[in-house]
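1. Structure of the sequence below:
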Amino acid sequence: MNQERLMKVLLAPIVSEKSTAIGEKNNQVAFRVLQDATKPEIKAAVELMFKVQVKSVSVLNAKGKAKRFGRTEGRRRNVRKAYVSLAPGQEINFGGEAA
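-> Residues are numbered from 1 along each chain as shown. Next up is the predicted model:
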């Protein structure tokens, strides 16, 4: 796999109550990924960028909601999420630890 492509696969970590609960319970981390990213690409990208061992990857496509902005109709963008299960003993720290 092309290393340049792997650096672009992960768009952002998903930091929410749900993703934090999943992380603590199942040792998983959630990421927003490219629409055309595959499971092997996501696995390779996480292992390359964070130097951790990945056990499995689950992917879901969330359709963007229809929203109104004043009198105009609009849509939020579609999102592809990846839930990455880490091997036992592995951990990703994003550096946002509050003391």
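
2. what residues are up against the most centrally placed residue in the chain?
-> Using CA atoms, centre = their mean, the residue of the chain that lies closest to the mean C-alpha position is residue 31, 1.0 Å off. Residue 31 makes contact with 10-14, 42, 46, 81-82, 84, according to CB atoms under 8 Å, 6 or more residues apart in numbering. Placement of C-beta: from N, CA and C, glycine included.

3. Pretty sure it sits in a helix.
-> No - using DSSP: H, G, I helix; E, B strand; the rest coil, the secondary structure at residue 31 is strand, not a helix.

4. thinking again about what came up before, pipe the contacts of residue 31 into CSV and attach pLDDT, neighbour count and distance to residue 52 per row.
-> Shown next, in CSV, are the contacts of residue 31 (pLDDT from 0 to 100; neighbours: other CB atoms under 10 Å; distance: CB to CB, whole Å):
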residue, pLDDT, neighbour count, distance to residue 52
10, 95, 21, 13
11, 95, 15, 18
12, 95, 9, 17
13, 94, 15, 13
14, 93, 18, 17
42, 96, 24, 13
46, 94, 24, 7
81, 96, 15, 18
82, 97, 26, 14
84, 95, 27, 9
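
5. ok, these vs residue 59, which is closest?
-> Residue 59 lies nearest to residue 82 out of the contacts of residue 31, by CB to CB, at 5.2 Å.

6. quick revisit: give me the subset of the contacts of residue 31 lying in strands.
-> Using DSSP state E, the subset of the contacts of residue 31 located in strands is 10-13, 81-82, 84.
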